[in-house]
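# this is the structure alone, sequence omitted:
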């Protein structure tokens, strides 16, 4: 079991836990996509809106408990806590990177 994350994933979770949308959004490419709760958001404006709404609604923090890397992506399993029913839960954050930035994030 590993919990070592590469940049920019370390910075993503730091920004996430500090509820710092500006820190998180700068880690994504212009054409990035995020899939969460069955919905996909594409592009920085849509991703920023998702981040802001999620922060306001759930005030979530994530403790990364495992990291698995493949040639295609990095999966970070996190214990997610916040003001939502069933908190805390374990979720998988599947990141695809390109040129040092996040090109896709899927949360399951």
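Good, I have the coordinates. Nothing here was measured: the structure is a model prediction, and the numbers come from that model.
# would you mind pulling up the elements that the lengthiest helix in the chain packs against?
When every helix of the chain is counted residue by residue (DSSP state H), the longest turns out to be helix 44-58. Counting contacts by 3 or more Cβ pairs under 8 Å, 6 or more residues apart in numbering; DSSP states H and E, the secondary-structure elements packed against helix 44-58 are helix 21-25, strand 28-36, strand 39-42. Where you see a C-beta, it was placed from the backbone N, CA and C, and this is true even at glycine.
# ok, which of the ones you listed comes nearest residue 14?
For the helices and strands packed on helix 44-58, the distance to residue 14 is smallest for helix 21-25, at 7.2 Å, taking Cβ to Cβ.
# can I get the helices and strands packed on helix 44-58 in CSV with mean neighbour count, distance to residue 100 and mean pLDDT?
CSV is the format used below for the helices and strands packed on helix 44-58 (neighbours: other Cβ atoms under 10 Å; distance: least, Cβ to Cβ, whole Å; pLDDT from 0 to 100):
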stretch, mean neighbour count, distance to residue 100, mean pLDDT
helix 21-25, 16, 15, 97
strand 28-36, 16, 10, 97
strand 39-42, 13, 20, 98
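# fine, thanks again, bye for now.
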